[in-house]
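> Could you work out the structure for the sequence below:
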Amino acid sequence: MEKVTSFADFFLKNYLENEKITYEFRTKSLQINSFLKNRPSENIIIAYSLLPGDLAQKFDIKAPSINLRIKSLKQLTSLGWQVGLRFDPLIYNNNWKISYKELIRTILDEINTNYVHSVSFGSLRFPKQIFKTINNMYPGDELFSHNFEKRDNVFSYKDEVEKEMISYCKNLIYKKVKKDVQIFSCTPY
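Purely as a prediction, here's the structure:
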């Protein structure tokens, strides 16, 4: 909605004085002109939500393709903007290891990793009532066919599946980014 609201442009012009606050723009958008025409700021992180291409085509309907998002990340890091890589949700399927390995490799080969501020991982999760509603609406859907379990009031993959996915992806990241990059997990409990 940047072309309509000019929110990022307005924000960058009016709210950068307080450098004690870190701001994160979480997006899938290609509308990065406001950032490209401004000087990078250490307290601004532009964080992209990322899924492997096959999953993005299925679940990120009407969002820009992963390749175009990576192109935006490349432009931003080439100018010195701090970026966040948000692999949330991680979605399990039969080829998840291959898909996420390819996605992470492609991103880290394309962008300037010196400007990766942080990386987060979180498995697919739903509040209890939303899970029940969606599961009833789409019985047998592949998205819900991988053993979810209820923890507190959240449905997510079984603990061992979630831990395996997060650990696998973290290890791929650790191989390519500088040591001080913040890497964290978003878990449902």
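
> Look at stretch 47-55 and report the distance between its end residues.
Counting by Cα to Cα, to the nearest Å, you get 19 Å between the two ends of stretch 47-55.

> Distance check, the closest residue to T113 other than its chain neighbours against L50.
Leaving aside its chain neighbours, T113 sits nearest to V177 (5.1 Å; criterion: Cβ to Cβ, 6 or more residues apart in numbering). Every residue, glycine included, has its C-beta placed from N, CA and C. V177 is 14 Å from L50, where distance means Cβ to Cβ, to the nearest Å.

> Give me the more crowded residue out of the two.
Between V177 and L50, counted using other Cβ atoms under 10 Å, L50 has the larger neighbour count: 23 against 17.

> looking at this protein, which helix or strand does the model trust least?
Lowest by mean pLDDT, DSSP states H and E among the helices and strands of the chain is helix 2-5, with a mean of 72.

> so how far is it from its chain's centroid?
Here helix 2-5 is found 22 Å from its chain centre; the criterion is Cα atoms, centre = their mean, to the nearest Å.

> C-terminal to that helix, what's the next element?
Following helix 2-5 in sequence order, the next helix or strand is helix 7-14 (DSSP states H and E).

> partners of whatever helix or strand comes next after that next one, with directions?
Stepping forward along the backbone from helix 7-14, the first helix or strand reached (DSSP H and E) is strand 23-27. On the basis of DSSP bridges, the sheet neighbours of strand 23-27 come out as strand 44-49 (parallel).

> by contact count, what packs against the helix or strand following the strand it pairs with?
Counting by DSSP H and E, the next helix or strand C-terminal to strand 44-49 is helix 53-59. With contacts defined as 3 or more Cβ pairs under 8 Å, 6 or more residues apart in numbering; DSSP states H and E, helix 53-59 has these neighbours: helix 66-78, helix 96-110.
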